[in-house]
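Participant: generate coordinates for the sequence data below:
(2 chains)
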Amino acid sequence: GAVVSQHPSWVICKSGTSVKIECRSLDFQATTMFWYRQFPKQSLMLMATSNEGSKATYEQGVEKDKFLINHASLTLSTLTVTSAHPEDSSFYICSARTQGESEKLFFGSGTQLSVL
Amino acid sequence: QKEVEQNSGPLSVPEGAIASLNCTYSDRGSQSFFWYRQYSGKSPELIMFIYSNGDKEDGRFTAQLNKASQYVSLLIRDSQPSDSATYLCAASNSGYALNFGKGTSLLVTP
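Facilitator: This next block holds a predicted model:
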């Protein structure tokens, strides 16, 4: 299947710092990527839809100034958590959709963020 | 509101048995349906997808879709302890992001 690479796998940071997470589609072009957040024992919650060459679309309740998304190319989207606080600690997962007759969504390996 | 509902479980089945996982969805515009497996602390892994009413088989897995009843299921035959994980059901209205259920925890006991 298609491969989506996500880095870093985990990060520990101090409160108030910013953290950047990268998501790359390795063997296909992804005009659209999605960023999800998952708290322990909860399902994936869509944060935003990242569109190549245009502004991201954020879900209700997600602060666009706090979670900066940049989709600079057809294979790379980044999520920056600005001024992170302990409540931002979560598992962040990116995904990309293949195109064609059988569109499928593939996930990156996820980033566990712990804010101290 | 677009919702995907799953029984959280845990669903416990003995090794070698058939595990049956169920899912209902509220958005009649949903066209594609997916089953993902997620191990603790890991990212979801796509197991199967289905678009048409009926059954779709892939190895030990069978996905079933009934659009009239807005119901999707996943059968796992010859369940193995390594199948123990959380199974996420997701529905998509083509072109949009997936809506996920909260997942069903499956435990296969030796």
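
Participant: show residues contacting the lowest-mean-pLDDT helix or strand in chain B.
Facilitator: Least confident element among the helices and strands of chain B, by mean pLDDT, DSSP states H and E: strand B:99-100 (a mean of 87). By Cβ atoms under 8 Å, 6 or more residues apart in numbering or on different chains, the list of residues contacting strand B:99-100 from outside reads A:43-44, A:46, B:2-4, B:25, B:27, B:30, B:36, B:88-92. The C-beta positions use only the backbone N, C-alpha and C, and glycine is treated the same way.

Participant: so which of the residues you listed comes closest to B:Lys56?
Facilitator: Taking Cβ to Cβ as the measure, B:Lys56 lies nearest B:Cys89 of the contacts of strand B:99-100, at 14.3 Å.

Participant: partner strands of whatever helix or strand that closest one lives in, with direction?
Facilitator: Assessed by DSSP states H and E, B:Cys89 sits inside strand B:85-92. According to DSSP bridges, strand B:85-92 forms sheet pairs with strand B:32-38 (antiparallel), strand B:99-100 (antiparallel), strand B:104-109 (antiparallel).

Participant: weakest of the ones you listed in terms of mean pLDDT?
Facilitator: Looking at these, the lowest mean pLDDT belongs to strand B:99-100 (a mean of 87).

Participant: B:Ser12: what's it in contact with?
Facilitator: B:Leu107, B:Val108, B:Thr109.

Participant: ok, now how distant is it from B:Cys89?
Facilitator: According to Cβ to Cβ, to the nearest Å, B:Ser12 stands 19 Å off from B:Cys89.

Participant: my guess is A:Asp88 meets A:Thr111, correct?
Facilitator: No: A:Asp88 is not in contact with A:Thr111 according to Cβ atoms under 8 Å; the separation is 11.7 Å.

Participant: who's more crowded, these two?
Facilitator: A:Thr111 (24 against 19; other Cβ atoms under 10 Å in any protein chain shown).

Participant: okay, that one and A:Ser90: tell me how far apart.
Facilitator: On the measure of Cβ to Cβ, A:Thr111 and A:Ser90 end up 9 Å apart.

Participant: before we move on, what about B:Gly103?
Facilitator: From B:Gly103 over to A:Ser90 the distance is 16 Å, taken as Cβ to Cβ.

Participant: of these two, who's got more company?
Facilitator: B:Gly103 (27 against 20).

Participant: I'd say that one and B:Ala85 touch.
Facilitator: No: applying Cβ under 8 Å as the test, B:Gly103 and B:Ala85 come out as separate, 9.1 Å apart.

Participant: now do the shared contacts for those two.
Facilitator: Residues touching both B:Gly103 and B:Ala85 (Cβ under 8 Å, 6+ apart): B:Gln38.
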